[in-house]
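> would you be able to build a 3D model of this:
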Amino acid sequence: MKKLIILSIGLAMACNSSQTTVSDGNKTVATKSAQTPETFAETITESELKEHLYTYASDEFEGRETGKPGQKKAVEYLKAAYEKLGIPAAQKNGNYYQEVPLEVSELPIGSLTIDGTEYALGENFLTFSKAQGTFNTIIYAGYGIEEGDYSDYKNIDVNGKVVLVKSGEPLDSNGNYLLSGTSKKSIWSNMSESLGKRLELATSKGAKGILYYDETNFSRFKSRFQWMKNNDSGRMELAKDEADQFFNFLINAKLAKAILPGIQSDDKPKKIAKKLDINVRSENDGIQSENVVAVLKGSEKPNEYLVISSHLDHIGITADGEINNGADDDGSGTVSLLEIAQAFKKAADAGQGPKRSIVFLHVTGEEKGLLGSQYYADIDPIFPLENTVANLNIDMIGRIDPKRTGDRNYIYLIGSDKLSTDLHELSEEVNTKYTNIELDYTYNDENDPNRFYYRSDHYNFAKNNIPIIFYFNGTHDDYHRPGDTPDKINYDLLENRTRLVFYTAWEVANRKDRIVVDKAAK
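Next up is the predicted model:
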């Protein structure tokens, strides 16, 4: 799972008992009828999960860092597994690899000037990509918000322009937040989500770039910028066409007030006749990486898709040569997905194939900023998002959260109720019917400071209004450390949790009607 990284929405995660998912009684029932999902769930076993994981999270795979040789071994392993199962590639050309073009940009250098006064990168503004240009007008768009009947863009044209916006959200005459009509802030006041929404909105309006004034967070990001500078550290991102590249700068009070002296109290959008010259330089190194995608076509509704995902990458080798094997993060999710694929294939071979198509999506670059899932969802969805009924995302399900008390046979569920009451209720019913794992919603709380909902690959589906469930065991002392090794996985729990995901997928794929979305994406 990915740690929060600078100026990207972004977005870290990670269970011991001999309890099994299916009781002896259930096994007896399953053997009586090939029609029951228990028959196929029983093919998901501790021994096979362990066999996969001791290979996938071995030193041979060198920590599976994005674009490095270990990651190439990982995708080869996954491709071979699907070929052995007889599950075809998702792409029409028969290639299991969905190429994801990435680049690592050096920390840029340079400055910008406002009416001839120069402001230094790293002091008065921050950015992590190159940008060039001269603009004679800056468009002030207040808070840069558009929601419902409220829009800061209503009477302004920002096409081809640079937009200045500030953090926060408007208040009414009674001191309440205008969007909620109460004293409660909206998502637009939370930087980890709202910055991305502001960038997306400005881009959709045709803006060339954005100057974002957030004095509260500027010093925090400035410290990160300085750390990257001192450690000669670049940033990995999806490769962009330079001609279409949108830039975003985080600016401090000095620069913001040089453009608009009354910015803190002035909420009215307007044109500002200031000349802006930008000269920010950086070199980018291209990196080729791959998602691995297979599909099992549905028997009755082949053009509706359930995506089950996990990330195939980890963080590689430390500076002193220690390998971060990533057995839990996310070796556990990866091998879980392979076992789920096997169970569905056995069902299909027995004439019990899923009614809807199931996409098995192993994404790259999660640790670098959810890049593989972003590429699939935002740039090249192999199957149409409008026909994607749900995403079940598995990221760290092999261990126990040491901070948690209670039954060890648990799983944290995140996001099941965010977009769809239907999916949440289905998830609860499936667990009661088949597995009786304790479903813990601790990290589903909107006020959870960890913000896990925004920190794994499901989020790139959720932001596109696709219902999701994120399965997660919580973090532990070996998270993103060399100690995350296969011997520390609780394989009985990994089996239980994998079967829960399988049963949930079975119900989503085979129910009469697709999952209903009754809540708006945030």
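> show me the helices in this protein, by range?
Using DSSP state H, the helices assigned to the chain run over residues 24-32, 37-41, 46-56, 69-85, 191-204, 215-230, 253-259, 333-349, 371-374, 421-430, 459-462, 491-510.
> now these as a markdown table including mean neighbour count and distance to residue 171?
The C-beta positions use only the backbone N, C-alpha and C, and glycine is treated the same way. Converted to a markdown table, the helices of the chain look like this (neighbours: other CB atoms under 10 Å; distance: least, CB to CB, whole Å):
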| stretch | mean neighbour count | distance to residue 171 |
| --- | --- | --- |
| helix 24-32 | 12 | 57 |
| helix 37-41 | 23 | 53 |
| helix 46-56 | 18 | 52 |
| helix 69-85 | 19 | 48 |
| helix 191-204 | 20 | 16 |
| helix 215-230 | 14 | 16 |
| helix 253-259 | 17 | 19 |
| helix 333-349 | 24 | 43 |
| helix 371-374 | 27 | 34 |
| helix 421-430 | 18 | 32 |
| helix 459-462 | 26 | 29 |
| helix 491-510 | 25 | 42 |
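> mind giving me CSV with those helices and columns for mean pLDDT and distance to residue 268?
CSV is the format used below for these (pLDDT from 0 to 100; distance: least, CB to CB, whole Å):
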stretch, mean pLDDT, distance to residue 268
helix 24-32, 37, 65
helix 37-41, 97, 59
helix 46-56, 98, 56
helix 69-85, 98, 50
helix 191-204, 88, 18
helix 215-230, 89, 20
helix 253-259, 97, 15
helix 333-349, 98, 48
helix 371-374, 98, 35
helix 421-430, 98, 40
helix 459-462, 97, 34
helix 491-510, 98, 48
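> tell me which of the ones you listed lies nearest to residue 151.
helix 191-204 (9.4 Å; CB to CB).
> how near is residue 450 to residue 418?
Distance, residue 450 to residue 418, using CB to CB, to the nearest Å: 15 Å.
> ugh, wrong one, I meant residue 374
18 Å.
> got it, and residue 200?
18 Å.
> number of nearby residues for residue 368?
Counted with other CB atoms under 10 Å, residues neighbouring residue 368 total 25.
> spit out the contact partners of the closest residue to residue 470 other than its chain neighbours.
In this structure, residue 470 finds its nearest non-sequential neighbour in residue 414, 4.1 Å apart by CB to CB, 6 or more residues apart in numbering. The contact partners of residue 414, by CB atoms under 8 Å, 6 or more residues apart in numbering, come to 441, 443, 444, 452, 453, 469, 470, 472.
> what's the pLDDT at residue 414?
We have a pLDDT of 98 for residue 414.
> how about residue 273: what's its closest non-neighbour residue?
residue 137 (6.2 Å).
> is it true that that neighbour touches residue 160?
No. The criterion here is CB atoms under 8 Å, and residue 137 misses it with residue 160 at 10.1 Å.
> which stretches of the stretch 1-150 of the chain have low pLDDT?
Applying pLDDT under 70 to the stretch 1-150 of the chain flags residues 2-35.
> in it, which spans are strands?
With DSSP state E, counting those that start in this stretch as the criterion, the stretch 1-150 of the chain has strands at 97-105, 109-114, 117-120, 125-126, 131-135, 138-140, 146-147, 150-151.
> among those strands, which is nearest residue 312?
strand 97-105 (11.1 Å).
> quick one: contacts of that closest one?
Contacts of strand 97-105 (CB under 8 Å, 6+ apart): 66-67, 75, 79, 90-91, 128-130, 234-240, 282-293, 364-365, 368, 371-372, 375-376, 380, 382.
> return the distance of it from the chain's centre.
How far strand 97-105 lies from its chain's middle: 16 Å, per CA atoms, centre = their mean, to the nearest Å.
> do you know how far the nearest residue to residue 368 once chain neighbours are set aside is from residue 94?
Excluding the flanking residues, the one nearest residue 368 by CB to CB, 6+ apart is residue 236, at 4.2 Å. From residue 236 across to residue 94, the span is 29 Å (CB to CB).
> these two - which one has more neighbours?
Higher neighbour count among residue 236 and residue 94: residue 236, with 20 against 8, using other CB under 10 Å.
> mind listing what that one touches?
66, 67, 102, 103, 104, 287, 365, 368, 369, 371.
> which ones are touching the closest residue to the second one other than its chain neighbours?
In this case it means residue 67. Closest residue to residue 67 apart from its sequence neighbours, by CB to CB, 6+ apart: residue 287 at 4.0 Å. Residue 287 makes contact with 66, 67, 102, 103, 104, 236, according to CB under 8 Å, 6+ apart.
> again, only using 7 Å
Shown in contact with residue 287 (CB atoms under 7 Å, 6 or more residues apart in numbering): 67, 102, 103, 104, 236.
> separation between it and residue 427?
Computed as CB to CB, the residue 287 to residue 427 distance reads 37 Å.
> go on, residue 54?
Distance, residue 54 to residue 427, using CB to CB: 30 Å.
> equivalent analysis for residue 371, please.
Distance from residue 371 to residue 427, by CB to CB: 28 Å.
> next one, pLDDT for the residue nearest the centre of the chain please.
With distances taken as CA atoms, centre = their mean, residue 457 lies nearest the centre of the chain, 2.8 Å away. For residue 457, the model assigns a pLDDT of 97.
> was I right to think it contacts residue 371?
No. The pair residue 457 / residue 371 is not scored as a contact, 9.5 Å apart, by CB atoms under 7 Å.
> great, nothing more from me.
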